[in-house]
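K.L.:
Coordinates for the following, if possible.
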Amino acid sequence: MLRRPDTPLTLAEIQDVRAISTLIFGDQFNQSLEDVTLPASLQNLTFGYGFNQSREGVTLPASLQKLTFGYGFNQSLEGVTLPVNLQNLTFGDEFNQSLEGVTLPASLQNLTFGGEFDQSLEGVMLPANLQTLTFCYGFNQSLSGVMLPASLQQLTFGYNFNQSLEGVTFPDNLQTLALGYKFNQGWEGVTLPLSLQTLTFGVEFNQNLEGFTLPLQTLTLGDNFDQSLEVVTLPASLQNLTFGGEFNQSLEGVMLPANLQTLTFCYGFNQSLSGVMLPLNLQTLIFGHRFNQSLEGDTLPVNLQSLTFGDEFNQTMENVTLPASLQNLTFGHAFNQSLEGITLPASLQQLTFGHNFNQSLEGVTFPDNLRTLALGYEFNHSLEGVTLPLNLQTLTFDRRFNQSLRGVTLPCLVQIQFGSVHILSHVGVDHEAAI
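P.N.:
Here you go, the predicted structure:
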């Protein structure tokens, strides 16, 4: 059959496209699919923003593996037969129908509810093979008495969820639990599975963690958390620990796990590290905006590879021993201290200065392995007499830099950048006439 190129296919003609595997409807589509024969080869079916038609009487192909409803869909699924091979089911923001009496396919692995969904799951039979269950903004129902499948590996709650977890039976295979913005319930009497590896608290969580014992690998505490950890036993298996914006408690006397690899402080932390035992295995240490404590006399872990200071840090690095393993060192906006006489580790590959740094580099000994040097907005010192390492590949100046490079010996750079402009690329050794 001949047709004009600008003439769209009708639904009745879709069945003639035998090999179609993916069908996506646009935002305006809102037509009934009753009596429409969808291709037997269809694996992925997506409805757009405006679709809100009943599924009753609609036959979805047995081959369908992924079904996604858009924003506007809010129809009951009671009596609807979902394909036996369905693995992924996603509802849009408007969906808020009870699932009691709905038969979800045994093959279902991933189930996601949208922003308005706030129905009880008590009496709902979740499929035995379900691996991922995600609630978005509105869900705030108790899980007491809810049968979560033994196969569940990831459970995510959205913004509004703030129900006690006491007495909730979590599956033995659960690996990831994410609690949303408003969650702020006590932890006493809550039993989490030994399989749990990642636990994330939202912004409002600010409860004591005393008695908290889990074989976690990753623990993330939200912005409001500001509790002492002195009597808290952190899991020996913990590898990643992140504190939120309000945390500003002393770590003196706190036993940080020996296996900890990444420690991140956000906005508010500004406590001395004097007397704090940082784990030997720590590889990444990040300080937030307000940290401005001297590191003189503090012992940084011998395996530390990356050290980042926040925007308010402006302490001298004199008499600070940087570990021999350090590869990346980043200073924030306020740092403006001389590096003359400072021993930078031979292993250092990347050195970044923030907005305010404007110190002469003459007399500074840069490590031979340094690959990247980034100088901040205010830097405007001559490089004459400065010895840059021969292995340096990238040199970045910001907008204020306005010094001649005549007579300056530059290494065999791959890239030199002034502000947002790349001036030289794949540069040779002789740059006397470069600028």
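K.L.:
Mind listing what's buried along stretch 355-371?
P.N.:
The neighbour-count check on stretch 355-371 (16 or more other CB atoms under 10 Å) flags 355-359, 361, 364, 366-367, 370-371 as buried. Glycine gets a C-beta too; all of them are placed from N, C-alpha and C.
K.L.:
domain ranges for the protein?
P.N.:
If the domains of the chain are taken from automatic domain parsing, they occupy 197-326, 350-435, with pieces of a single domain joined by a plus sign.
K.L.:
Need those in TSV (columns: distance to residue 95 and mean pLDDT).
P.N.:
Below are these laid out as TSV (distance: least, CB to CB, whole Å; pLDDT from 0 to 100):
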stretch	distance to residue 95	mean pLDDT
domain 197-326	23	95
domain 350-435	45	85
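K.L.:
Relative to residue 57, which of those domains is closest?
P.N.:
Ranking those by their distance to residue 57 (criterion: CB to CB) puts domain 197-326 first, at 41.4 Å.
K.L.:
so where do the helices sit in this structure?
P.N.:
Defined through DSSP state H, the helices belonging to the chain, from first to last, are 11-14.
K.L.:
which one of the domains of the chain is the most hemmed in?
P.N.:
Of all the domains of the chain, domain 197-326 carries the top mean neighbour count, a mean of 18, counting by mean count of other CB atoms under 10 Å.
K.L.:
Off-centre distance for it?
P.N.:
17 Å (CA atoms, centre = their mean, to the nearest Å).
K.L.:
That domain spans what distance, first to last residue?
P.N.:
End-to-end distance for domain 197-326, by CA to CA, to the nearest Å: 28 Å.
K.L.:
The chain should start at 33 in everything you say after this.
P.N.:
All set: I'll call the first residue 33, so the last point we hit is now domain 229-358.
K.L.:
ok, which stretches of the stretch 133-282 of the chain are strands?
P.N.:
142-144, 164-166, 186-188, 208-210, 230-232, 250-252, 272-274 (DSSP state E, counting those that start in this stretch).
K.L.:
Next one: residue 238 from residue 142, what distance?
P.N.:
As judged by CB to CB, to the nearest Å, residue 238 and residue 142 stand 32 Å apart.
K.L.:
do the same with residue 236
P.N.:
Residue 236 is 27 Å from residue 142, by CB to CB.
K.L.:
ditto for residue 363
P.N.:
Counting by CB to CB - residue 363 and residue 142 are separated by 43 Å.
K.L.:
neighbour-wise, which of these two wins?
P.N.:
Using other CB atoms under 10 Å, the more surrounded residue of residue 363 and residue 142 is residue 363, with 25 against 16.
K.L.:
which ones are touching residue 90?
P.N.:
Residue 90 makes contact with 64-66, 68, 112, according to CB atoms under 8 Å, 6 or more residues apart in numbering.
K.L.:
Can you give me the distance of the closest residue to residue 217 other than its chain neighbours to residue 206?
P.N.:
Distances taken as CB to CB, 6 or more residues apart in numbering put residue 196 closest to residue 217, at 4.9 Å, once the chain neighbours are dropped. As judged by CB to CB, residue 196 and residue 206 stand 18 Å apart.
K.L.:
same question, residue 54
P.N.:
According to CB to CB, residue 54 and residue 206 sit 32 Å apart.
K.L.:
for residue 186, same thing?
P.N.:
Between residue 186 and residue 206 the distance, using CB to CB, works out to 8 Å.
K.L.:
Tell me which of the two has more neighbours.
P.N.:
Using other CB under 10 Å as the criterion, residue 186 and residue 206 rank with residue 206 on top: 22 against 16.
K.L.:
Quick check: closest non-adjacent residue to the more buried one.
P.N.:
With CB to CB, 6+ apart as the criterion, residue 206 has its nearest non-adjacent residue at 5.0 Å, and that residue is residue 225.
K.L.:
if I pick that neighbour, what's in contact with it?
P.N.:
In this structure, residue 225 makes contact with 202-206, judged by CB under 8 Å, 6+ apart.
K.L.:
Name the member of the residues you listed with the most neighbours.
P.N.:
Neighbour counts for the contacts of residue 225, by other CB under 10 Å, peak at residue 206, which reaches 22 neighbours.
K.L.:
so what's that one up against?
P.N.:
With contacts taken as CB under 8 Å, 6+ apart, residue 206 has the following neighbours: 180, 184-187, 224-225, 227-228.
K.L.:
List the residues that contact residue 209.
P.N.:
187-188, 202, 224, 228, 230-232.
K.L.:
Can I get stretch 415-432 in CSV, CA atoms only?
P.N.:
Taking C-alpha atoms only, stretch 415-432 is exported to CSV below (Å, rounded to 0.1, in the frame of the first residue of the first chain):
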residue,chain,number,x,y,z
LEU,A,415,55.7,32.3,36.5
GLU,A,416,59.3,33.5,35.9
GLY,A,417,61.6,31.6,38.2
VAL,A,418,58.9,29.0,38.9
THR,A,419,59.9,25.4,38.2
LEU,A,420,57.0,23.4,36.9
PRO,A,421,57.4,19.6,36.8
LEU,A,422,58.3,18.0,33.4
ASN,A,423,55.4,15.6,33.6
LEU,A,424,52.8,18.4,33.9
GLN,A,425,50.1,17.9,31.2
THR,A,426,47.4,20.4,32.0
LEU,A,427,47.9,23.9,33.3
THR,A,428,44.8,26.1,34.0
PHE,A,429,44.7,29.8,34.8
ASP,A,430,41.5,31.7,35.5
ARG,A,431,40.2,35.1,34.3
ARG,A,432,42.4,37.4,36.4
